[in-house]
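[1] Sequence plus the predicted model coming up.
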Amino acid sequence: MAAEADGAGELALDVAVPAQARAKVAAKGGKRAPKPPEPVAEVAPVARVVVDVPLPHLDRVFEYAVPASMAETAQPGVRVRVRFAGQDVEAFLLSREQVAEHTGRLAPLRAVVSPEPVLDVELLGTCRAVADRWAGTLADVLRLAVPRRHATTEKTTAERVAARDEAAAAEGSAPARPELPAAPDPHDPAGPWAPYPAGPALLERLAAPAATTAATTAATAGVRAVWTALPSPEPTQDWPAALAAAAQAALSAGRGALIVVPDHRDVTRVDAALTAALGSTRSAPRHVRLTADQGPAARYAAWLALRRGHVRVAVGTRAAALAPVVDPGLFAIWDDGDDLHAEPHAPYPHVREVLALRADRTGAALLVGGHSRTAEGQRWVESGWARAVEAPRELVRTASPRVLLPGDDIEAERDAAARSARLPSLAFRTAQAALAGRLPSQSRPGPVLVQVPRRGYLLTLRCEHCRARARCRRCAGPLQLTGADQHPACRWCSTDDPTWTCPQCRGDRLRSAVVGARRTAEELGRAFPGVPVKTSGGGAGVLEAVDGEPALVISTPGAEPVAEGGYAAALLLDGWAMLEREELRAAEEALRRWAAAAALVRPQSAGGAVVLLAPAGVPPVEALVRWDPAWHASRELAERRELGLPPGAAFARLDGPAVAVDGLLAALQRTDDDRAALPPHAEVLGPTPLEPDRYPRGGSGGRPSGSGGGDDGGTPVPRAFALVRVPLAERAALAKALQGAVAVRSARKEPGSVRVQLDPEHVV
């Protein structure tokens with residue numbers, strides 16, 4: 001497809017004199033002949049580019065002419081600037097051709113932004129596959145895959161590499177290549193993979209030599225593992241060490257490795273493990289880290305090191321899922337159930353699926369690990385597409401901590417309030433004994449981890465007399481307390497209400513309904529006088545680690561710091577708050593968060609104990625007591641298949657103004673356009689009305705600018721969402737239909753923007 005010059009219908013070479021300059025000359029009465037266009041390159045004068053424009057109907061390749069002055073720098077993969085729809089926009093040059101598909105004249109490239117090739121055939125193919133799988137556009141995926149250019153970093157790193165190559169040439173030798181590390185011993189009894197029967201075979205396959213690309217594919221194809229990690233407080237046996245050993249095995253064979261973890265604290269742990277395993281130094285790094293908190297310069301330098309092949313191992317967060325690792329041999333993800341792995345930007349891909357797609361395309365191994373198991377991972381295991389890597393049950397019982405429930409019959413006889421108290425006597429006694437070193441089999445005292453599902457102070461208030469929820473008199477939002485000496489305030493509009501009275505019974509006294517981490521820290525500080533209390537998460541900052549001295553560590557889920565030598569005990573409070581959430585993954589998420597906290601506790605052979613304050617008998621609780629996440633994942637998968645829920649079926653969620661959602665559904669159900677037609681077994685659920693936007697677009701009130709649906713006067717716009725369900729075999733057809741329908745709406749400039757999510761993390 002050829003590009004339109006300045007939005008005109010005919011394609012022509014742009015002249016050097018802009019229209020504004022010609023107009024000024026004409027106004028002065030002078031005449032100036034337009035400067036003749038610059039001649040095009042003699043070899044491959046046609047550039048095929050993808051323009052950085054988010055409009056779905058423009059998701060295609062455009063052709064431009066390559067001026068002779070850019071013949072050397074306008075190479076495939078570089079960033080260029082082109083004239084598109086009357087303005088200069090950036091684009092990626094995909095290839096150079098000798099003959100154009102368009103029969104008319106072509107507009108020329110405006111400039112080469114940088115001679116650095118940032119897009120190769122493999123990365124382009126991966127981005128196109130991701131866009132097609134999630135019904136998105138290539139421009140959106142490229143925005144996720146290629147970081148913004150940092151010119152100074154690009155220049156200095158290129159000069160450093162050129163100087164090194166010149167020095168090597170002056171000495172008459174080839175540029176030095178980094179020495180490959182030795183492969184880890186797969187049969188080392190002290191190695192991190194020794195507890196798993198399939199672990200040695202996994203390392204051997206990853207470290208298998210590969211002289212050719214075909215040998216590489218043969219050595220690693222089919223290596224897909226869903227790994228249930230054992231809890232271990234020992235740094236040489238924990239999950240970062242295991243991931244580092246897997247990366248070391250791949251690198252020893254001359255192949256790259258990419259490890260994606262949920263947050264920066266996990267990156268720090270894996271980074272330290274990779275440094276120990278690969279022998280990285282500041283002057284000779286063997287791996288890089290890719291996180292948003294690095295800053296643009298450091299992140300772009302690390303990305304360039306991967307792209308140029310100077311480093312072949314990377315660890316990072318969600319944004320690293322598309323990192324350009326050269327000749328990859330391993331793609332690994334840790335804790336794939338964490339919602340941080342779900343990309344919040346279009347086209348909303350999930351890291352687990354992106355890495356699986358990349359592993360299939362390149363023949364690399366795929367390793368999905370965690371202390372628990374998702375239903376998606378279980379589906380891979382049950383279908384035979386992946387193999388389960390787990391320890392024998394005897395070893396699991398030895399390595400995991402003892403899990404205690406206050407609601408059993410023995411505790412009920414001892415403590416009448418065991419089933420209803422927020423901190424029953426069992427939890428109090430366990431924490432007291434752990435801090436004093438008096439738990440069974442405990443050799444030394446240690447810190448106690450307290451997991452609180454909600455941050456803040458008192459998040460929900462009720463009338464003490466009639467138990468009605470306390471709501472704001474201005475916007476009807478829920479009231480909360482942010483501190484012991486604070487007035488009740490609305491969680492929605494932040495309005496204080498010091499004179500609140502209950503509209504039901506006229507009472508003026510409040511009681512707490514949901515207690516946050518800050519209030520819990522206050523209560524436990526009074527219950528355990530003289531014991532240090534540390535908080536992590538919930539606005540107080542996240543601690544990386546704590547020492548092994550006795551202390552109470554209050555943490556929200558996901559913010560638990562690592563304790564030196566492991567925690568002596570853990571109290572998992574308010575389990576009902578996780579189990580009663582109205583979402584599909586509530587049970588799976590509860591088990592995942594409990595297991596992540598319990599994995600930081602010493603094994604029961606060293607006296608480690610976990611008190612879970614949740615109702616006995618429900619599957620997530622039973623799975624944690626037995627430490628059997630595979631059983632729970634199998635049960636979850638069976639129930640979801642029976643109900644036709646993910647991952648037993650494929651879903652698409654459509655969100656937006658009600659009129660726009662109706663229009664998109666109508667376009668999907670038309671049969672005159674095969675590209676936009678729904679698959680034969682598609683089922684449309686909805687549309688279902690949503691609460692109208694409370695604030696006008698770009699207005700105040702705590703909403704981000706541009707997120708609303710109201711007009712400038714603040715008029716609410718009816719919003720809705722709809723679900724489209726298809727069998728898994730028709731998922732690709734659904735993605736194609738959504739792409740086509742969205743492109744048609746975009747081309748027709750139909751009003752309203754609809755967010756399209758395939759395989760959404762939260763269906764409802």
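    Yep, that arrived.
[2] Walking through the stretch 651-764 of the chain, point out its strands one by one.
    For the stretch 651-764 of the chain, the strands defined by DSSP state E, counting those that start in this stretch occupy 683-690, 719-726, 755-758.
[3] oh sorry, the question was meant for the stretch 1-150 of the chain
    46-51, 62-65, 79-84, 87-97, 109-114.
[4] now the stretch 251-400 of the chain
    All strands of the stretch 251-400 of the chain, identified by DSSP E, counting those that start in this stretch, fall at 256-260, 288-290, 313-316, 328-334, 365-370, 387-389.
[5] for stretch 641-648, which positions count as buried?
    By 16 or more other CB atoms under 10 Å, the buried positions in stretch 641-648 come out as 645, 646, 647, 648. Just so you know, the C-beta spots here come from the backbone N, C-alpha and C atoms, and that holds for glycine as well.
[6] can I assume the first one sits in a helix?
    No - checked against DSSP: H, G, I helix; E, B strand; the rest coil, residue 645 lies outside a helix; its state is coil.
[7] how about the nearest residue to it, chain neighbours excluded?
    Nearest non-adjacent residue to residue 645, counting by CB to CB, 6 or more residues apart in numbering: residue 584, 6.2 Å away.
[8] and the gap between the closest residue to residue 38 other than its chain neighbours and residue 406?
    Sequence neighbours aside, residue 67 is the residue nearest to residue 38 in space, at 4.6 Å (criterion: CB to CB, 6+ apart). Residue 67 sits 76 Å away from residue 406, going by CB to CB, to the nearest Å.
[9] quick one: which of those two has more around it?
    Taking neighbours as other CB atoms under 10 Å, residue 67 and residue 406 compare with residue 406 leading, 25 against 22.
[10] For the more buried one, report the pLDDT, please.
    pLDDT, residue 406: 85.
[11] So it is in contact with residue 430, correct?
    No - taking contacts as CB atoms under 8 Å, residue 406 lies outside contact range of residue 430: 9.6 Å.
[12] overlap in contacts of the two?
    Contact criterion CB atoms under 8 Å, 6 or more residues apart in numbering; residues shared by residue 406 and residue 430: residue 611.
[13] How about the contacts made by the nearest residue to residue 552 once chain neighbours are set aside?
    Leaving aside its sequence neighbours, residue 552 sits nearest to residue 533 (CB to CB, 6+ apart; 4.8 Å). By CB under 8 Å, 6+ apart, the contact list for residue 533 reads 521, 524, 525, 551, 552, 554.
[14] separation between residue 533 and residue 60?
    For residue 533, the distance to residue 60 - CB to CB - is 59 Å.
[15] who touches the nearest residue to residue 657 once chain neighbours are set aside in this structure?
    Once flanking residues are discounted, residue 657 sits nearest to residue 752: 4.2 Å by CB to CB, 6+ apart. Residues in contact with residue 752 (CB under 8 Å, 6+ apart) are 656, 657, 659, 660, 661, 663.
[16] 6 Å instead?
    By CB atoms under 6 Å, 6 or more residues apart in numbering, the residues touching residue 752 are 656, 657, 659, 660.
[17] got TSV for the residues you listed, with neighbour count, pLDDT and distance to residue 182 too?
    Listed next are those as TSV, based on neighbours: other CB atoms under 10 Å; pLDDT from 0 to 100; distance: CB to CB, whole Å:
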residue	neighbour count	pLDDT	distance to residue 182
656	23	91	55
657	20	92	60
659	15	92	64
660	22	92	58
